[in-house]
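[1] Could you look at this predicted model? Sequence included:
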Amino acid sequence: MRFVIVRRAATLVTSAGLLSAAACAHSGQSSAGGAPAPAASMATTPPSPDPRVGLKAGLWDAGQAAWNVRLLSTTRPTGKFLGSTNSDLAFTQHYVIQGNYDGFQIWDIANPSHPTLRTAYYCPASQSDVSVYHNLLFVSGEGTEGRLDCGGGGVKDTASPERLRGIRIFDISDLDHPKNVGNVQTCRGSHTHTLLVDPKDKDNVYIYVSGSAPLRPTSELPGCVSTNPQEDPNSALFRIEIIKVPVAHPEQAAVISSAHIFNNLAPVEVHGLTAQDRAHADSARAAGAFMVDIPIAGIGPMVLPDQFAKHLLDSLVTARGGTGAPTAADSAALRAALPEMAAKMMGEQAGAPNQYSTTRQCHDITVYPAVGLAGGACEGYGMLLDISNPTQPVRLDAVSDSNFSYWHSATFNNAGTKLLFSDEWGGGGQPKCRATDPHDWGADAIFSIQDRRKLTFQAYYKMLAPQTPQENCVAHNGSLIPIPGRDVMVQAWYQGGISIFDFTDAAHPKEIAFFDRGPVNATRMAGGGEWSAYWYNGVIVGSEIARGLDIWELTPSGLLSQNEINAAKSVKFPEYNVQDQQQFVWPATYSLAGAYVDQLERAGSLPAARIASIRLALRRAERASGPAQQEMLAQLTGQLEHDVTATRDPARLTKLASTVRDLATTAVAAR
C-alpha cells in the first residue's frame, strides 16, 4: 500500500528538513449511484472484446464495465476528505471504517445501496490503515507530519515530542465521538499493521507493526538503532515491533517484543525496468525532468510529477527566505537532494554499496490464528510464519522470485493449504498493467503449503485487461469470498478496478468476474482506483482512492450460481479485519446443499439424471415439514453416501451428504 511513491518523496523531503507541508483540505458532498444490473448470463468465458478496454475517462463520469457483478453504490467523500487519499478498510457490525490520509470515516452500510456517513474524524497521517476490535479502533501513522493531537500543519522540527509515528488507539464505543485513548510510538512508524486476536488469550490483542519509513532519530525515540545488523542484531531496520494491548486498559498498550524474522536472508535477484520504462526515463532525464531513483527493484528511476516538483521547489524558496519563482540554484539543489532523500527513505546512504539483504520489513502480514500461521509479504521475500506464540513469530520458510518487485500482501485459502502473495511493482503509483507489461510482473504468486512448513510455487495471476499509461495499476489488497468448496478471491488493482478469480486449481487460476472504470484523467496520470476490495457479510466493499466508497454484489453466471452466492451470504462476522483472517464456517442451508450440487454438475462429476434427481429431492424436502421432511432428508443422505463411491469428486459429494445430514438433524430439532 505504498500508494504513489512520489507522495513518499514529499515525506522524504520532510525527513531531510526541507519541507513541512500541511495536509490539504477540501469540501464536497457525497452522492450515490449504481450501474444498471447486468443481465444474468450463463456464459463461462469473459466477454470479447474485453469491455474494460477503451473506457471513457473522468473523475465522476468515467465509463464503467462490469461482468458478473453489479455496482450498488458509489459514495463520495465529504469535507476535508474530498481530494485526500482513501486507504484501507475495517468492518464492525453494519459499519465500514475507511482510512484516509486525513483521518478516517465511518460509513453505515446497513443499506448497501445507500450508505450514509456516520462519522468523519480528522487526524492527518499517512496512511491511516485501520483495524477494529470490539470498541477499539487502531490507526497506523508513518509520515513525519502526523501529530499526537491530530492537528493539521504537520511537525516542523526534525525531532519533536509532538510527532506520532506508530499506532493510534481510539475508543469508538460512541461512534459519533471517537476518543483517543492511547498511542504507541515505533521506530519506523506504522505503514501497515496487523491485529492478531489470539484464541488462547481473551484479555489482550496483539499488533504486528510494519514500517517502511526512515528510522526516527534517537533524540525523538530512544532505541532506534540504525546500524548494520551484522554489527548490531538489534538494528531497528530489521525487526517487526509487536504491541500488546490489554483490552480493558488500552492506555497501557506497549511494544513488548520484536520479531527478528529477517536474519540470514541473502540479497535477492530482481528484475529491472522494462525497455519501455527505461526509454521513458532516459528521455525525461534528457529533457530536464526531476528524477527520483527509488532503490527498490522495478520502481525507479521515475519522473517526479510536475505538481510535486513545484511543491518541493516552492518549499526550498520558502526555506531560504526567498520570494517569487524558484531559481536555477533551487532546481540544482533539489536535483542534488533527491538521491539522498530516496536513499534515506530506505535506510540507505546514497551511493553506498548494499552489503546485506534489502529485505528489512514486511509491508503487510496476514495472520490466520485458526491454523497457527501467518503470511508475511516482506519486500524482497514472501514468508510463512509460525504464530503459535503470538509474541514470538518464527519464520518457517521464505521464498524470493526475480519476477517480483515488492512483496506486498498475503492471503490464505480457507483450508490454510495455499498462500497467495501480491507484487506491488511500481509502488502503486505507476501504470503496470499496460499491454506492453510482462504478465508475470506486478501479479499474484500462488503457493501451496507443504507439510505446513514449505511454500511451493504454483502459478501467477494478473488481471487480464490492458490498462492505459494514465492508470496506476498493480496487484493490491483483496480477500477471500466464502464460496463453499472453492477458493475464490476479490482483489483491487487500483485503476485496473477489481478482479474476482478462482484459484481452487492453484496451477490454473481463472477470472470469473470484474468491474472497471476509465482513467481518472484522459491525458495524464492522476491517482485513483480501488485501494482495497473486501467481501463482508454479503457484499464487496471497495475503498476508491479518489472517488470514495464502492459497494458491489455478485450476480449469478455460468461460473457462479445463485446457490453459491446465497451460501456465501450465509457466512456472517460481527467484525472483520482482512489481515486477521477468520475461518469461514457455513451453516447448513438448502443453498449450501444446492451450491455443492451446482459444483458437481459444473464439473460433470455425476450424470445429468442423477443431478436432476438430487435437486428434486432437495426441493421436496425444503417444502415439507415435520417427520416427512426429516425422513426425506435422511433418505437422501443415505443415497448420497452411496453415490460417493461412484463419483470422480468424492470429497465434494461427501460435503453435500454432510450438509443434508445436518439439515435432517435441524429438522428433528425443530419438531
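    Done, it's in. Quick caveat: nothing in here was measured; it's all calculated off a predicted structure.

[2] Flag the shaky bits of this structure, pLDDT-wise.
    1-41, 229-230, 294-300, 307, 343-358, 668-671 (pLDDT under 70).

[3] And the residue nearest the centre of this structure?
    residue 477 (2.3 Å; C-alpha atoms, centre = their mean).

[4] May I have the beta-bridge partners of it?
    residue 532 (DSSP bridges).

[5] How about the contacts made by it?
    For residue 477, the contacting residues are 1, 88, 409, 422, 491, 492, 531, 532, 533, 534, 578, by C-beta atoms under 8 Å, 6 or more residues apart in numbering. For every residue, glycine as well, the C-beta is placed using N, CA and C.

[6] what do you get for residue 191?
    1, 2, 127, 129, 140, 142, 210, 211, 212, 213, 361, 363.

[7] Relative to residue 415, which of the residues you listed is nearest.
    Closest to residue 415 out of the contacts of residue 191 is residue 363 (24.9 Å), distances taken as C-beta to C-beta.

[8] What separation do you get for residue 152 and residue 216?
    According to C-beta to C-beta, to the nearest Å, residue 152 stands 21 Å off from residue 216.

[9] Return the closest of the contacts of residue 191 with respect to residue 586.
    Nearest to residue 586 among those, with distances taken as C-beta to C-beta, is residue 129, at 29.6 Å.

[10] Make sure I have this right: the closest one is in a strand.
    Yes. Read with DSSP: H, G, I helix; E, B strand; the rest coil, residue 129 is one of the residues of a strand.

[11] Surely it touches residue 192?
    Yes. Residue 129 lies in contact with residue 192 (C-beta atoms under 8 Å); the separation is 4.9 Å.

[12] If you count surrounding residues, which of residue 152 and residue 216 has more?
    The neighbour comparison of residue 152 against residue 216 (other C-beta atoms under 10 Å) goes to residue 216, with 26 against 16.

[13] The nearest residue to the more buried one once chain neighbours are set aside: which element?
    Nearest residue to residue 216 in three dimensions, chain neighbours excluded: residue 224, at 5.0 Å (C-beta to C-beta, 6 or more residues apart in numbering). Residue 224 belongs to no helix or strand when elements are defined using DSSP states H and E.

[14] Surely residue 224 and residue 214 touch.
    No. With contact defined as C-beta under 8 Å, residue 224 does not reach residue 214; the gap is 9.9 Å.

[15] Measure how buried residue 91 is and give me the count.
    Going by other C-beta under 10 Å, the residues that sit close to residue 91 add up to 23.

[16] did I read that right, it in a helix?
    No. Counting by three-state DSSP, residue 91 is not found in a helix; it is strand.

[17] Select the longest helix from the protein.
    Secondary structure of the chain per DSSP state H: the longest helix is helix 650-669.

[18] so what does that helix touch, helix or strand wise?
    Judged by 3 or more C-beta pairs under 8 Å, 6 or more residues apart in numbering; DSSP states H and E, helix 650-669 is in contact with helix 590-602, helix 608-623, helix 626-643.

[19] in the last one, what counts as buried?
    I take that to be helix 626-643. 629, 630, 632, 633, 634, 636, 637, 640, 641, 643 (16 or more other C-beta atoms under 10 Å).

[20] now do the first one
    Buried residues in helix 590-602, defined by neighbour count with 16+ other C-beta under 10 Å: 590, 591, 592, 593, 594, 595, 596, 597, 598, 599, 600, 601.

[21] from the chain's centre, how far out does the one helix or strand residue 332 maps to sit?
    Element membership for residue 332 (DSSP H and E) is helix 328-345. Averaging C-alpha positions (C-alpha atoms, centre = their mean, to the nearest Å) puts helix 328-345 32 Å from its chain's average.

[22] elements contacting it?
    Short answer (3+ C-beta pairs under 8 Å, 6+ apart): helix 328-345 packs on helix 5-15, strand 291-292, helix 306-319.

[23] Do I have it right that residue 219 meets residue 159?
    Yes. With contact defined as C-beta under 8 Å, residue 219 reaches residue 159; the gap is 4.4 Å.

[24] Kindly format the C-alpha coordinates of stretch 561-571 as CSV.
    The C-alpha coordinates for stretch 561-571 follow below in CSV (Å, rounded to 0.1, in the frame of the first residue of the first chain):
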residue,chain,number,x,y,z
SER,A,561,-24.5,-19.9,-9.2
GLN,A,562,-27.2,-18.2,-7.2
ASN,A,563,-26.9,-21.1,-4.6
GLU,A,564,-23.2,-20.4,-4.3
ILE,A,565,-23.8,-16.7,-3.8
ASN,A,566,-26.6,-17.3,-1.2
ALA,A,567,-24.3,-19.8,0.7
ALA,A,568,-21.5,-17.1,0.7
LYS,A,569,-24.0,-14.6,2.2
SER,A,570,-24.9,-17.0,5.0
VAL,A,571,-21.4,-16.5,6.5
